[in-house]
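1. Sequence and predicted model, in that order:
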Amino acid sequence: MDYIIDKNIVLSYLGHKDQLIDDKLDNIIDEIILNAVEYIKPASIYGIFDVKISEDKIIFDNKITVASKDLLCLLKFSKKAVLIAFTIGSLIEQKIKFLSYTDITKAVILDCCAAAAIENYADHVLEKIEEKSKDSLNLTNRFSAGYGDFSLNYQADIINILDARRRIGLYTDDNNLLYPKKSITAVVGITNKEIQHSHYAGCETCAARNNCNYRKAGKHCVSS
């Protein structure tokens, strides 16, 4: 894909609130955004799995069992779901680490570029998946381990069922954090378009809503 990083999104991650930016800093931001595109190596992998609801648990293809009321809310009209993993690779992280020793301002800007890029890439991939779906189906918003009561402990299960380490080089550490860091795993429900799903698990149900970088940036971590 021809990669574009939205400068306005980068500015929002930097905490910019429509303040004036001096020309020198503005030029640096433009330069970092331009360079960041060269460091991005996007990759994704996904599978479509049967969804079974058993009491308060969700079971994917009898292989992963998840206890999460928030995820139940998302999937209550879904008989199938997409489990998916995205990454923009490790090169951009190496550049961020290098800059952290030489120019912390540029390192912070590049980190914000990477955050904007992985979100943009995830949205792009899901749009392509939805375009391939039959006209009678659509996708819910994506929901990741770590949102609400959907524990990070399930992140390794998603990686394993997708064989993501072998296929796109994505894995988890002992704390179930992703490497490369600028990566995402998510669950996306598949629903019938005739169903009006008026509520998706989102900000209003998330335990982290009061200390959330997305909300601070004026964004939603998932569409609601």
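-> Ah, there it is.
2. Could you use CA atoms for every contact and neighbour count after this?
-> OK.
3. and residue 138, what does it touch?
-> By C-alpha atoms under 8 Å, 6 or more residues apart in numbering, the contact set of residue 138 is 130, 190, 191, 192, 193.
4. just checking, it is part of a strand?
-> Yes - Residue 138: assigned to a strand according to DSSP: H, G, I helix; E, B strand; the rest coil.
5. end-to-end on stretch 5-22?
-> Terminal residues of stretch 5-22 lie 21 Å apart, using C-alpha to C-alpha, to the nearest Å.
6. Report the buried residues of that stretch.
-> For stretch 5-22, burial by neighbour count (16 or more other C-alpha atoms under 10 Å) applies to 5, 9, 10, 11, 12, 13.
7. for stretch 165-175, same thing?
-> Neighbour counts over stretch 165-175 (16+ other C-alpha under 10 Å) mark 168, 170, 171, 172 as buried.
8. and which of the residues you listed is nearest residue 46?
-> Minimum distance to residue 46 across the buried residues of stretch 165-175 is 10.8 Å, recorded for residue 168 (C-alpha to C-alpha).
9. was I right about that closest one contacting residue 45?
-> Yes - contact criterion C-alpha atoms under 8 Å: residue 168 and residue 45 qualify, at 7.2 Å.
10. Would you state the strands of the chain in chain order?
-> Here the chain has its strands, by DSSP state E, at 43-54, 57-60, 64-67, 80-87, 137-143, 171-172, 178-179, 183-192.
11. Show me where this structure has its helices.
-> All helices of the chain, identified by DSSP state H, fall at 7-13, 23-39, 69-75, 91-102, 104-132, 155-162, 164-168, 213-216.
12. Among the ones you listed, which comes closest to residue 146?
-> Comparing those against residue 146 with C-alpha to C-alpha, the closest turns out to be helix 155-162 (8.6 Å).
13. Show me what that closest one is packed up against.
-> Using 3 or more C-alpha pairs under 8 Å, 6 or more residues apart in numbering; DSSP states H and E as the contact test, the elements touching helix 155-162 are strand 43-54, strand 80-87, strand 171-172, strand 183-192.
14. Residue 145 is nearest to which of the ones you listed?
-> Comparison of those against residue 145 by C-alpha to C-alpha identifies strand 183-192 as nearest, at 6.8 Å.
15. which stretches of this protein have low pLDDT?
-> Within the chain, the segments meeting pLDDT under 70 span 1-3, 134-136, 193-224.
16. Which residue, neighbours along the chain excluded, lies closest to the spatially most central residue of it?
-> Nearest to the mean C-alpha position of the chain, by C-alpha atoms, centre = their mean, lies residue 184 at 4.2 Å. Computed as C-alpha to C-alpha, 6 or more residues apart in numbering, the closest residue to residue 184 that is not its neighbour in sequence is residue 86, at 5.1 Å.
17. what number of residues lie near the one you found?
-> Using other C-alpha atoms under 10 Å, the number of residues around residue 86 comes to 23.
18. That one is in contact with residue 45, isn't it?
-> Yes - proximity of residue 86 to residue 45 meets the contact threshold set by C-alpha under 8 Å, at 6.8 Å.
19. is the residue nearest to residue 184 in a bridge, and if so with what?
-> Under the criterion DSSP bridges, residue 86 forms beta bridges with residue 44, residue 184.
20. list the contacts for it?
-> Counting by C-alpha under 8 Å, 6+ apart, residue 86 touches 42, 43, 44, 45, 118, 121, 122, 183, 184, 185.
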